[in-house]
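S.K.: build me a model:
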Amino acid sequence: MNTLANMMQAHPSVSFDDMDLLNRCIDDLTMCEQACTMCADACLGETEHLQRLARCIRLNLDCADVCNATRKLLSRQTHAPWVLFRQQINACMTACELCGAECDMHAEWHEHCRICGDLCRKCSESCKELLDKLPQ
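M.R.: A predicted model of the protein is given here:
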């Protein structure tokens, strides 16, 4: 168990009963955020293809920000506002799907886009799994 999972385990007011799923989703959000940030930077380094990658850079940065906000909300468990969590997770899934699809369009030429697209899909799937199990 990693340190953050230990922190969540020690939390006195955890509102969600599937801690493994919650921690896995938070880990996937962190990985996706980092991958998107790194992919945007790598795209900026592709100077001869910069114009073609402009939308990819934009969606990478948007997805990274949405994953970060989602991770922060899910880490706060005391008096969890489930309706807000649901809306944020849906927004995150949309951001991941848009970014993943855009990265896939460049994956043949840019390995960083392929990796990022894979992590976006993984994060979206993890969010969907969590969304399906959240309390109403």
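S.K.: which residues touch the spatially closest residue to Glu46 that is not a sequence neighbour?
M.R.: Nearest residue to Glu46, sequence neighbours excluded (C-beta to C-beta, 6 or more residues apart in numbering): Leu53, at 5.9 Å. Every C-beta, even on glycine, is put in place using the N, C-alpha and C of the backbone. Shown in contact with Leu53 (C-beta atoms under 8 Å, 6 or more residues apart in numbering): 43, 46, 106, 110.
S.K.: which strands and helices lie in contact with whatever helix or strand Leu22 lives in?
M.R.: Element membership for Leu22, per DSSP states H and E: helix 19-45. Packing partners of helix 19-45 (3 or more C-beta pairs under 8 Å, 6 or more residues apart in numbering; DSSP states H and E): helix 3-10, helix 54-75, helix 82-106, helix 111-133.
S.K.: can you list those in JSON lines and add mean neighbour count?
M.R.: Formatted as JSON lines, the helices and strands packed on helix 19-45 follow (neighbours: other C-beta atoms under 10 Å):
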{"stretch": "helix 3-10", "mean neighbour count": "12"}
{"stretch": "helix 54-75", "mean neighbour count": "20"}
{"stretch": "helix 82-106", "mean neighbour count": "19"}
{"stretch": "helix 111-133", "mean neighbour count": "20"}
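S.K.: one step back: give me the buried positions along the helix holding Leu22.
M.R.: Residues of helix 19-45 classed as buried: 21-23, 25-29, 31-33, 35-40, 42-43 (neighbour count, 16 or more other C-beta atoms under 10 Å).
S.K.: average pLDDT across that helix?
M.R.: Average pLDDT, helix 19-45: 96.
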